[in-house]
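>>> got a structure for you, letters missing:
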Ligand code: ADP
Ligand code: NI
């Protein structure tokens, strides 16, 4: 039963996100799902709820689909049609809603399952894949990869974050280098630390090459 529902969720996510080039393509979902399953095993979280929330987590993103409320209703309806029990459906939708919530900062994530999926999603913004996604997203948005005349912004509202001018390089300082402090689970924290170090060495090398000061 659960296997069939998971396969259906996979099909639905692929259909909706298959062609995306903003860093939310199907393979982002697949990586988050794998990591969520791994973290669920580690922490004893409900594997079905984690895997389903991971598979569907970007289907209500306002930046991709415009209306977040409508996206959530759609997911709720779909889960009902698939025969997911009420309790699990509630928990899955609640996680997705909290993950996509942008107004005035992030919503809290009270359940272990939510924390697992949030960690998995955040981990995909770090490391080599995170670097690749940042440049892919920047290209998609039409922002430059780097502009030394544009310093990273210190504090900003959600609106400024979304609409303001930035660069791929600045996104590391404005967000990605801060993420490791926000991991919920111990396993994710360890993975984040390693990915963080990798990004720092990437940035040092990027700066050296930018300035033509790298060692031969
Ligand atoms: P956000 O809530 O920051 O949009 P997402 O998870 O939706 O986070 O972002 C998707 C990917 O795009 C992530 O890898 C993220 O680092 C990257 N990204 C998001 N905003 C920017 C930006 N302004 N510049 C560069 N990359 C970005
Ligand atoms: Ni995501």
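Yes, it's here. Keep in mind that this is a model prediction, so the values were computed, not measured. Ligands and ions are numbered 1, 2, ... in the order given.

>>> Only C-alpha atoms from now on, for both contacts and neighbour counts.
Will do.

>>> Ligand 1 contacts on this structure?
Contact residues (C-alpha under 6 Å from any ligand atom) of the chain with ligand 1: 23, 125, 130, 133-134, 137-138, 167-168, 171.

>>> Dump these to TSV, plus neighbour count and pLDDT.
Converted to TSV, the residues of the chain next to ligand 1 look like this (neighbours: other C-alpha atoms under 10 Å; pLDDT from 0 to 100):
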residue	neighbour count	pLDDT
23	21	63
125	23	97
130	20	98
133	21	95
134	23	97
137	17	93
138	19	95
167	24	97
168	21	97
171	20	96
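
>>> Make a markdown table from those and add distance to residue 199 and secondary structure to it.
Output for the residues of the chain next to ligand 1, formatted as a markdown table (distance: C-alpha to C-alpha, whole Å; DSSP: H, G, I helix; E, B strand; the rest coil):
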| residue | distance to residue 199 | secondary structure |
| --- | --- | --- |
| 23 | 17 | coil |
| 125 | 11 | coil |
| 130 | 9 | helix |
| 133 | 13 | helix |
| 134 | 11 | helix |
| 137 | 17 | helix |
| 138 | 17 | helix |
| 167 | 16 | coil |
| 168 | 13 | helix |
| 171 | 12 | helix |
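
>>> between the residues you listed, which is closest to residue 45?
In terms of C-alpha to C-alpha, no member of the residues of the chain next to ligand 1 lies closer to residue 45 than residue 125, at 22.2 Å.

>>> surely the closest one meets residue 136?
No: applying C-alpha atoms under 8 Å, one finds residue 125 not in contact with residue 136, separated by 11.8 Å.

>>> What backbone torsions are found at the residue nearest to the spatial centre of the chain?
Nearest residue to the geometric centre of the chain (C-alpha atoms, centre = their mean): residue 121, 3.7 Å. Backbone geometry at residue 121, expressed as degrees, to the nearest 10, gives phi -70, psi -40.

>>> cool, and residue 145?
phi -80, psi -30.

>>> In the protein, where's the longest helix?
Across the chain, the longest stretch assigned as helix under DSSP state H is helix 186-211.
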